[in-house]
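**Q** let me see the structure of the following:
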Amino acid sequence: MALLKIMDYNRITVRLNTDIKLTDKLNFSADISTRLGDRQEPQGQEGSAWYQFGQGAIINPLTVNKYSDGTWGLVRGGQNPIRLQDEGGLYVYKSNLFTGNFRANYELLKGLTLTGLAAVNYRSDYNSSHNRALDYFTDFPDNSNVLTVGQNNITKAYQGYWFRNFQGLIEYQKNVGLHAFKLMGGASRLTETTDDLSGYRTNLPNGEIEQINAGAADGQQARGTASAYNLVSFFGRLNYAYHDKYLLEANIRRDGSSRFAENQKWGWFPSFSAGWRVTGEEFMQDVTFINNLKLRGSWGKLGNDVFVSPNLNLSTNYPYQSTYQYNSYPFGGSLNPTAGITVYPNSGLTWETTRMTDVGVDITVLKNLDVTFDYYKKNTTDILLNLRIPDIVGLDAAVQNAGEVQNTGWELALNYHGQIGKEFRYNIGANLSDVKNKVIDLRGADRVSRDNNNIYTGNVTGVPIGAFYGYRVEGIYQSQDQVAGHAPQPVSGTGPGDLIYADVNNDKVVKEGDATVGGDMVYLGSNIPRYTYGINLGANYKGFDFTGFLQGVGKVDIQTLVLERAPTSSDGNFKAIHANSWTPQNTSAAFPRLVTGVQNYQSSSYWVKSGAYLRLKSLQLGYTLPKTLLEQVGISRCRFYVSGQNLLTFSSLASDIDPEAPNDSRYYPQVRTYTFGLNVEF
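**A** All right, here's what the predicted structure looks like:
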């Protein structure tokens, strides 16, 4: 059942897996899959279904959807999302995907094997966005004033994507007494190419036509881009084991990326690991309660050439080059074509590097309890950042290898399986991980920035990356005298019932900016979970089977400003928490006064809350009929089951906030699902 009208998604998937032994020494395998997808959604001003859910969360429920005479109501000065589902245009997304993985092995000599691998991925996306202009009456019931919202236009876009990865490997393994050796060497070449093409026209003669040719040629737009990326790698690995007790592995990579300048393309990336199976030693033979004990340690260096920093504002495939943007400029009474660079290039860019150290232990006790523990430290250096440059340069800042971030943490996994009596078997598994994220160095480029929702986040030395920043709230003003006696607030119109923002640096005025550089904003928390955990349950008894999975996070923060703020205009949606807002008669309220201004909707500690939760993700109960009942009808197995997903959530957040969702109301909500099924095997 769809949550939106005319929302539909059809997909056809075909898979083929084959293994062929061509000769005694030559083997070939192919894994091929094709997926054809066709999705449609109703028109949306800000992006289809995303717009529908965003509007639905903030519209005042008292707003008229449709009047008694059948005419539609205007919502928040824009399109009515319910009407868009009934009468709006259609957004269509067609996506076709082909993937193929091919492998051939040839044994030259005993223990010496040549391997060739080819991975091919082709994806084509065709999108059509058809918008319709809709008329609304603004003077019900007279219906004499017509307001047309939107316009009849059509945008069609195509993207073709090719991914090709070819590898050649040579492997040799040899056992000499108690010594086991394995050597591997190889090379690979990865290529990605993308082609984009889009066209747009407006002023279609009516809202029914969905083809570009029907629109006016004046104002039409056509855009096309292409990009390419190549990665060449050479690598090798040595594995050594003595008596299956002492284990050693060493790896080396030499990677070259087209995203860097000629003298910066290549990087060396080694890694090492060692293991000691202690239970293989003679002195452990009498320790009967420990069935397996293995100690592990590793160190590795990895390179990254994929630019994902939110501060990047240049083409990610060509950051070191001078990239030009084409436009036009009025001169001499006519538009003249122009070209220019907007971002300062940096030919010195090179690999972002991560160094990781890990120590761990694997142990099995009394044959029933398996324990795995790891402690790690990961430092990422040369992170790509936009360092500040003087405005007089006239270009956006170049990206530089400037940042360093550290992650330290541990992971623990426990699994216990047991039996009671002859027929009741059960297993319990639990895992817990802890990670501490911290920015080590930004070379003076510490920055606190604001997004369109007035939420501040910072990349600041000493705190987690992307941390929440804002004002520290000291309470709610109770009188005008209290307002007058406090440091002036960052926005005008402050009065009794408003939040009190602390003057952190004691300069007698509360202002924007990090407190360490003269402002009054402080670190409020991080959306990176400190703890992540899960619990697996399973049991079997006389044909009945049970499984359950619980998942959660601890010590994580969520920014609820967008999710819980009251509307600043009459057409917004109020929530239950707003009923306990401050008034002169309700001065002990938990929520500040309701006003049309934004003084209470600043990024502050009031809105940052714990996002910790525990969720029952899945639960299933099944029953398999005895074989003696099935043999007579030619059935080998018959199982009935009932299952549920997202059944329960334990969280301190309001019930209408999903702790797994982003800090926004515009997402496709998770749904509680119940499934009844039957599996029959002949």
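**Q** contacts only, for Asn17.
**A** Asn17 is in contact with 29-32, counting by C-beta atoms under 8 Å, 6 or more residues apart in numbering. Bear in mind the C-beta positions are built from the backbone N, C-alpha and C, glycine included.
**Q** and those residues as JSON lines, adding secondary structure and neighbour count?
**A** Formatted as JSON lines, the contacts of Asn17 follow (DSSP: H, G, I helix; E, B strand; the rest coil; neighbours: other C-beta atoms under 10 Å):
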{"residue": "Ser29", "secondary structure": "strand", "neighbour count": "15"}
{"residue": "Ala30", "secondary structure": "strand", "neighbour count": "15"}
{"residue": "Asp31", "secondary structure": "strand", "neighbour count": "15"}
{"residue": "Ile32", "secondary structure": "strand", "neighbour count": "15"}
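**Q** pick the one among the residues you listed closest to Glu660.
**A** Asp31 (32.2 Å; C-beta to C-beta).
**Q** which ones are touching that closest one?
**A** Asp31 is in contact with 15-17, 100-102, counting by C-beta under 8 Å, 6+ apart.
**Q** which residues in the stretch 251-400 of the chain form strands?
**A** Ranges of strands in the stretch 251-400 of the chain, per DSSP state E, counting those that start in this stretch, are 266-277, 290-304, 324-331, 334-341, 352-365, 369-386, 399-420.
**Q** could you dump those strands to a markdown table with distance to Tyr623, mean neighbour count and mean pLDDT?
**A** A markdown table is the format used below for the strands of the stretch 251-400 of the chain (distance: least, C-beta to C-beta, whole Å; neighbours: other C-beta atoms under 10 Å; pLDDT from 0 to 100):
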| stretch | distance to Tyr623 | mean neighbour count | mean pLDDT |
| --- | --- | --- | --- |
| strand 266-277 | 42 | 16 | 97 |
| strand 290-304 | 34 | 16 | 96 |
| strand 324-331 | 65 | 10 | 78 |
| strand 334-341 | 69 | 10 | 82 |
| strand 352-365 | 32 | 17 | 97 |
| strand 369-386 | 29 | 18 | 92 |
| strand 399-420 | 19 | 17 | 93 |
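**Q** and of the ones you listed, who's closest to Leu36?
**A** Here strand 290-304 is closest among those (C-beta to C-beta), at 33.4 Å.
**Q** got the angle between that closest one and strand 352-365?
**A** Angle between the axes of strand 290-304 and strand 352-365 is 170 degrees (criterion: axes from the mean of the first three to the mean of the last three C-alpha atoms, to 10 degrees).
**Q** what angle do strand 290-304 and strand 266-277 make?
**A** Orientation check (the same axes, to 10 degrees): strand 290-304 against strand 266-277 gives 180 degrees.
**Q** next, the spatially closest residue to Val473 that is not a sequence neighbour: secondary structure please.
**A** Nearest residue to Val473 in three dimensions, chain neighbours excluded: Tyr606, at 4.4 Å (C-beta to C-beta, 6 or more residues apart in numbering). When classified by DSSP: H, G, I helix; E, B strand; the rest coil, Tyr606 comes out as coil.
**Q** repeat for Ala216
**A** For Ala216, the secondary structure call by three-state DSSP comes out as coil.
**Q** what of the one 3 residues further on?
**A** For Gly219, the secondary-structure state derived from three-state DSSP is coil.
**Q** list the contacts of the closest residue in space to it that isn't next to it in sequence.
**A** Closest residue in space to Gly219, ignoring its immediate chain neighbours: Thr202 at 5.8 Å, by C-beta to C-beta, 6+ apart. Applying C-beta under 8 Å, 6+ apart to Thr202 gives the contacts 151-153, 215-216, 219.
**Q** tell me how far Thr202 lies from Gln221.
**A** From Thr202 across to Gln221, the span is 9 Å (C-beta to C-beta, to the nearest Å).
**Q** check Val232 too.
**A** Distance, Val232 to Gln221, by C-beta to C-beta: 38 Å.
**Q** quick check, nearest of the contacts of Asp31 to Asp24?
**A** Phe102 (20.5 Å).
**Q** ok, the closest one - how many residues close by?
**A** When neighbours are counted by other C-beta atoms under 10 Å, Phe102 registers 15.
**Q** quick one: it and Leu117, what's the gap?
**A** According to C-beta to C-beta, Phe102 stands 7 Å off from Leu117.
**Q** confidence score at Glu46?
**A** We have a pLDDT of 57 for Glu46.
**Q** revised request: answer the last question for Asn663.
**A** 61.
**Q** please begin residue numbering at 46 from this point
**A** Sure thing, new numbering starts at 46, so read that last one as Asn708.
**Q** ok, back up a step: out of the contacts of Thr247, which comes closest to Gln596?
**A** Relative to Gln596, the closest of the contacts of Thr247 is Asn198; by C-beta to C-beta it sits at 43.9 Å.
**Q** okay, and the beta partners of the closest one?
**A** Asn198 forms beta bridges with Asn176, Thr247, as assigned by DSSP bridges.
**Q** is it true that it touches Ala259?
**A** No - if you go by C-beta atoms under 8 Å, Asn198 and Ala259 don't touch, sitting 10.4 Å apart.
**Q** quick one, which of these two is more surrounded?
**A** A count of neighbours by other C-beta under 10 Å puts Asn198 above the other of Asn198 and Ala259, at 21 against 15.
**Q** what's the pLDDT at the more buried one?
**A** With respect to pLDDT, Asn198 scores 92.
**Q** same deal with Gly122?
**A** Per-residue pLDDT puts Gly122 at 66.
**Q** list the contacts for Leu569?
**A** Contacts for Leu569 were tallied using C-beta under 8 Å, 6+ apart; they are 512-515, 517, 602, 648-650, 653.
**Q** on that earlier part again, from the contacts of Asn62, which single one is nearest Asp415?
**A** Asp415 has its nearest neighbour among the contacts of Asn62 in Asp76, at 31.5 Å by C-beta to C-beta.
**Q** report pLDDT for that closest one.
**A** 97.
**Q** okay, now Asp526: neighbour count?
**A** 10.
**Q** kindly apply the preceding question to Val554 instead.
**A** By other C-beta under 10 Å, the residues close to Val554 number 12.
**Q** that one - that's part of a helix, no?
**A** No - the assignment for Val554 (three-state DSSP) gives coil, which keeps it out of a helix.
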